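Student: need a structure here:
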Amino acid sequence: MNPRRRELLQLAAVAPAILAGCAPTDPIEAAIRKIRPLARSLGPVQPGDWLELHRESGQTYAEFRKSIRTRAVDSYRTIRIVQIGALTTGQRNVLDVTVEFIRPFFGLSLQLDPPVALDSIPADAQRENIFEGQAFEEAGQILTPYLLNEVLKQRRQGSDAAVLGITAKDLWPGAGWNFVFGQASLTERVGVWSMARNGDPDENPGMRQLCALRTVLTATHEIGHMFGIRHCTAWTCGMNGSNHLAERDRKPLEFCPECQPKLWWTLGLDPLERSRALETTARRHGFEADANILAAQSRALAG
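Tutor: Numbers count the residues shown, from 1 in each chain. Below you'll find the model as predicted:
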């Protein structure tokens, strides 16, 4: 038997998903091989981290392809963003930076909806945060299931791959939780994220930049969920779960070699074009560490 044919048959035997569309000649598979050497393993779970409290098995690219039969780009063309409540000048700047990243990250057109007034949210979907300090008690919280089901689903249009709410208010998902950075539905294509715990962007330019980076991390993570991507448990990745601010700050902006190709496939993205566009955006906003990671990725993909 031809040695090359034997190799292909062996690959098929150990990875049946290859026969479902991930063959070695697949350009996505080739791109995965190029960037995999750049990835860093997640490493041991630290006390208080997401995976210490939430046991999850993760999701490979092959598993994603088995579970998602139809590409999002074949059905949807837009991502809709809905502001919830008023924003200060600094918070508005953070939203603008986040929108700039969402465009190249996912490659879809963006639609910006009129804001949702806080006084339109019923009292039983708001509370003071009894777990936190006075600052958050004064700010209050909004219940995420209400926002997802009663607000954002109502804004969803037929062309929308995702509808994402942004708010400066703190969020909580229900009984037994004190807060979440954001929450999304894998089936309803809606999600919401908060900049409340990202720092005060009106304090100074440095804090505004840090708040913007943290908000971008949360936004891209939650939108990833809306495309059916589950938490990553293998690599240091933008799809890692976060249980506290320090854990989220350890995450990179970009997704890993298992999660990034899920976006390439479902959104019909060119890996190199996407990487270069994200690098340009990161440089423009001074996110040098992430820009350098993206530059290395772009070089690998170009090679």
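Student: quick check: domain ranges of the protein?
Tutor: 1-68+228-303, 75-200 (automatic domain parsing).
Student: Let me know the average pLDDT across the last one.
Tutor: The average pLDDT for domain 75-200 rounds to 89.
Student: from what I can see P252 touches M239, true?
Tutor: No. The criterion here is Cβ atoms under 8 Å, and P252 misses it with M239 at 10.4 Å. Quick note: C-beta positions are derived from backbone N, CA and C, even for glycine.
Student: Of the two, give the one with the bigger neighbour count.
Tutor: M239 (23 against 18; other Cβ atoms under 10 Å).
Student: Spit out the contact partners of A219.
Tutor: T98, F101, I102, L164, I166, G182, W193 (Cβ atoms under 8 Å, 6 or more residues apart in numbering).
Student: Distance check, K34 against E150.
Tutor: Going from K34 to E150 by Cβ to Cβ, to the nearest Å gives 44 Å.
Student: about what we covered before: now the domains of the chain in TSV, please, with extra columns for distance to L217.
Tutor: Shown next, in TSV, are the domains of the chain (distance: least, Cβ to Cβ, whole Å):
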stretch	distance to L217
domain 1-68+228-303	6
domain 75-200	9
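Student: winner for burial among those domains?
Tutor: Ranked by mean neighbour count, the domains of the chain are led by domain 75-200 with a mean of 18 (mean count of other Cβ atoms under 10 Å).
Student: Distance across that domain, terminal residue to terminal residue?
Tutor: 38 Å (Cα to Cα, to the nearest Å).
Student: buried stuff in the longest helix along the chain?
Tutor: For the chain, the longest helix by residue count, based on DSSP state H, is helix 205-226. Within helix 205-226, the residues that count as buried by 16 or more other Cβ atoms under 10 Å are 208-226.
Student: where exactly do the strands run in the stretch 1-150 of the chain?
Tutor: 78-84, 109-116, 126-127, 141-143 (DSSP state E, counting those that start in this stretch).
Student: for the first one, packing partners?
Tutor: Packed against strand 78-84, as judged by 3 or more Cβ pairs under 8 Å, 6 or more residues apart in numbering; DSSP states H and E, are the following elements: helix 89-106, strand 109-116, strand 160-167.
Student: Within its sheet, name the partner strands of that strand and how each one runs.
Tutor: Strands that pair with strand 78-84, judged by DSSP bridges, come out as strand 109-116 (parallel), strand 160-167 (parallel).
Student: which element follows the last one toward the C-terminus?
Tutor: On the C-terminal side of strand 160-167, the nearest following helix or strand under DSSP states H and E is strand 170-172.
Student: and the spatially most central residue of the chain, how far is that from L269?
Tutor: In the chain, the residue lying closest to the centroid (Cα atoms, centre = their mean) is H221, at 1.6 Å. Distance, H221 to L269, by Cβ to Cβ: 17 Å.
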